[in-house]
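K.L.:
what follows is a predicted protein model with its sequence.
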Amino acid sequence: MSRLKKNLKFLFDAEGESQGVWMSAELWNKLDEIISPELDKIFPEEAKEPEQLPEPLKDWEALKTTWDLSYPIDGTVHCDHCGSSTEDWEQDEPRKFRLKAANLGGLVRFECQSCHALVSKKHFKDKVVFECTPPKNA
């Protein structure tokens with residue numbers, strides 16, 4: 001069996017009428033970025049933004065209340081991918097950055113609302129380090 005036939009199958013009913021196409025996950029992963037925009041054009045009512053989970057603000061508050069490092073915690077966030085920045089992400093309206101995660105170890109992650117890059121703010125004993133992961137479609 002050829003690799004194409006293994007990854008792409010045309011489906012027919014008992015009368016031989018075409019019913020659809022099946023493709024393997026391997027093939028879909030290679031074609032997703034090409035096919036999905038076309039599907040959005042064909043079915044615009046389905047092309048809505050995915051539902052966002054609420055920001056984990058309780059985790060952020062827990063980090064702030066247990067803060068014991070020598071420097072003050074602040075709301076500064078910047079995106080190295082698109083250049084967006086803020087002095088206080090909590091006060092921005094609309095938000096420039098959405099909180100994605102925060103933990104007591106000092107790792108805070110944001111999603112840049114301009115380019116959808118993932119921005120990590122790592123609080124160490126003596127410094128803060130920002131890391132930016134470009135969005136998946138970049």
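P.N.:
Yep, it's here.
K.L.:
could you check how far Phe130 is from Leu57?
P.N.:
The gap separating Phe130 from Leu57 is 21 Å, by C-beta to C-beta, to the nearest Å. For the C-beta atoms, the positions are set from N, CA and C on the backbone; glycine is no exception.
K.L.:
more neighbours: which of these two?
P.N.:
The neighbour count for Phe130 versus Leu57, taken as other C-beta atoms under 10 Å, is higher for Phe130 (14 against 11).
K.L.:
domains of this structure: list them as residue ranges, please.
P.N.:
Listed by automatic domain parsing, the domain ranges of the chain are 3-46, 57-133.
K.L.:
winner for burial among those?
P.N.:
Of the domains of the chain, the one with the most neighbours on average (mean count of other C-beta atoms under 10 Å) is domain 57-133, at a mean of 15.
K.L.:
follow-up on the earlier one: would TSV of the domains of the chain with mean pLDDT be doable?
P.N.:
Putting these into TSV (pLDDT from 0 to 100) gives the following:
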stretch	mean pLDDT
domain 3-46	88
domain 57-133	94
